[in-house]
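Novice: Sharing a model prediction with you, sequence too.
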Amino acid sequence: MFICFVLLLTFSKIENQNDIYSERESFELSGPTHLTSIDWTNPDHRRSVAACLVQGVYILERDCQENRQASEALASPWWNFFEFDLQSQLIDDADSCIFGAIYKSKHPPSQHTPSYVVAFRGTLIKGNAFTRDLELDIHIIKNGLHLTSRFEIAMKAVKNLVESQTSNSKSNIWLTGHSLGSAMALLAGKRMAKTGIFLDSYLFNPPFFSAPLENIKDPNIKHGIRIASSFLTAGLAVAAKLKNANQQRNMVEDSFLALTGWVPCLCVNPMDHICSEYIGYFEHRKKMDEIGAGGIERLATQHSISGVFLSAIGKESHEPLHLLPSANLTVNLTPAVYFKDAHGLHQWWRCDQHLETRVYS
């Protein structure tokens, strides 16, 4: 199963990036040039801008790989069009590749306008980036992204930026990323939320590694499997809690509850098996409430089966990235011909998509 997930993640991103290595690197050819006036209260506009700033990080690294400089460089229109400056680049110490960027807005400060945006790209398959990116992908599967030096660099950049702002302007910092980059932004956002600082976050195709239940066509079978999984997870959680009864506080529950005020925006596609399970993860809570098992699900949703199993037998486990109490979930219901379209970043700034949004808390 582990090898299958690695291959799945790798090949899906290869398809996605081959698509980017073409006209989609050019903002004039592929960007949302129709957004000549940004309404920062419009969720579609905010999502589109965030996605383009992530694309800017992809193209920054591609410019370096192709040695495109000055007028030949393609990255700057992806942020200049929306009146942002590139304040700094985030460089991985392992491969010296650009994996993130901090943008500063030229717009006057307001409640809805971001002052700064921290953006992280996903996996690239060309140049020195691929080997390191694949290594990070594997760390996500193993719930070990927080142990990597790239995340340490990212987290330090976010903390320094937040600490440099006044208390009133901290909320005007956005986090955003795509795929591997969305995992980086999600983990950074969770770390900040646990300190009481809730940053607006736009996460595109965030990884959710579990059995692909969303691909099951029969709703009764799918729902039945989810119910059984919830009862199993809740049972193991109770067993682990009893085993650790001498502890004054349940650290897992405390950690989960600390996130309740943070509502990240997750953008997923049901045809993208890397992120589609978020749909079932949140919708299942509603169905469990309907059958009178909401308490079971509220306990189960704080844990993963593997995590509570390890805890029950006295072994350490790391918290999976996907465990979230709240989210603003946007689902792209536009039929995708190819998987690269379902996982691609470009879908999130296009104006011809059929999107549905629901808030879960």
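Specialist: In hand now; what should we look at? The structure displayed is predicted, hence computed values, not measured ones.
Novice: and residue 171, what does it touch?
Specialist: 198, 199, 200 (Cβ atoms under 8 Å, 6 or more residues apart in numbering). No exception for glycine: its C-beta is placed from N, CA and C like everyone else's.
Novice: what are the ranges of the helices in this protein?
Specialist: 2-20, 27-30, 43-65, 77-80, 129-141, 149-163, 180-193, 219-243, 251-257, 277-290, 294-300, 305-312, 339-343 (DSSP state H).
Novice: Low-confidence ranges, the stretch 151-300 of the chain, go.
Specialist: When residues are selected by pLDDT under 70, those of the stretch 151-300 of the chain lie in 210-254, 284-300.
Novice: The residue lying closest to residue 333 once chain neighbours are set aside: what's it in contact with?
Specialist: In space, residue 333 comes closest to residue 354 once its chain neighbours are excluded; the distance is 4.6 Å by Cβ to Cβ, 6 or more residues apart in numbering. Residues near residue 354 by Cβ under 8 Å, 6+ apart: 332, 333, 334.
Novice: Kindly recompute the last result at 10 Å.
Specialist: Applying Cβ atoms under 10 Å, 6 or more residues apart in numbering to residue 354 gives the contacts 331, 332, 333, 334, 335.
Novice: Residue 357 too?
Specialist: 43, 44, 47, 265, 266, 267, 328, 329, 330, 331.
Novice: go on, residue 156?
Specialist: Going by Cβ under 10 Å, 6+ apart, residue 156 touches 90, 188.
Novice: Quick check: the gap between it and residue 35.
Specialist: Distance from residue 156 to residue 35, counting by Cβ to Cβ, to the nearest Å: 32 Å.
Novice: cool, and residue 331?
Specialist: 22 Å.
Novice: Please apply the same query to residue 86.
Specialist: For residue 86, the distance to residue 35 equals 19 Å [Cβ to Cβ].
Novice: Then residue 124?
Specialist: Distance of residue 124 to residue 35, given as Cβ to Cβ: 26 Å.
Novice: who has more neighbours, the two?
Specialist: residue 124 (24 against 18; other Cβ atoms under 10 Å).
Novice: Show the backbone phi and psi for that one.
Specialist: phi -110, psi 150 (degrees, to the nearest 10).
Novice: In this structure, which residue is most central in space?
Specialist: In the chain, the centroid-proximal residue (Cα atoms, centre = their mean) is residue 182; its distance is 2.9 Å.
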